[in-house]
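1. What follows is a predicted protein model with its sequence.
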Amino acid sequence: MVVVIQIRRAVLDAIIHEAVKAYPLEACGLISGPTIGSDADVVDEFHPCFNTAGSARVYTIDPKDHLRIEREVEDRDNEVIGVVHSHTHSEPFPSPTDVGQAPDPNWHYIIVSLKRESPETRCYRIIEGDITEEALQILN
């Protein structure tokens, strides 16, 4: 079964912009939308977060940002449906660290690779250490 995640073009552009802006450090943030755990989740918003790790190889979302964003999206009857981060020197595939810190099996994990001149974006689901790639469908 192929899981398709729909994402608005403006949201994807904002994610890539944040990754490029944060370089040489990893960027991170949360994504939100109206549903979670289905085969057709829609990413409506990207919420950039402060990377408290301050690293080019690992990210840690500021807990204050996370809590604030959870409250904001709940006020709009949406929910956090995943996390975004960049890989500054590697492919857009979850690292062992990414897999180890994947907090929610229903979340989508979007990774932007800046290894090459043109950023490459991929999305995954990580459940009990198993990684499954998800298709990104870009909406206008």
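-> Thanks, I have it.

2. what separates stretch 114-125 from the chain centre, distance-wise?
-> Its chain's C-alpha centre and that of stretch 114-125 lie 11 Å apart, by CA atoms, centre = their mean, to the nearest Å.

3. Just the CA coordinates for it, please, in CSV.
-> Below are the C-alpha coordinates for stretch 114-125, written out as CSV (Å, rounded to 0.1, in the frame of the first residue of the first chain):
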residue,chain,number,x,y,z
LEU,A,114,21.0,19.9,1.1
LYS,A,115,23.8,17.5,0.0
ARG,A,116,23.5,18.6,-3.6
GLU,A,117,23.0,22.0,-5.2
SER,A,118,19.2,21.4,-5.6
PRO,A,119,17.4,20.4,-2.3
GLU,A,120,15.8,17.0,-2.3
THR,A,121,12.7,16.3,-0.2
ARG,A,122,11.3,12.9,0.9
CYS,A,123,8.8,11.8,3.4
TYR,A,124,8.7,8.7,5.7
ARG,A,125,6.7,6.9,8.3
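
4. What residues of it count as buried?
-> 114, 119, 121-125 (16 or more other CB atoms under 10 Å). Quick note: C-beta positions are derived from backbone N, CA and C, even for glycine.

5. Please identify the buried residues of stretch 133-140?
-> So stretch 133-140, judged by 16+ other CB under 10 Å, has buried residues 134, 136.
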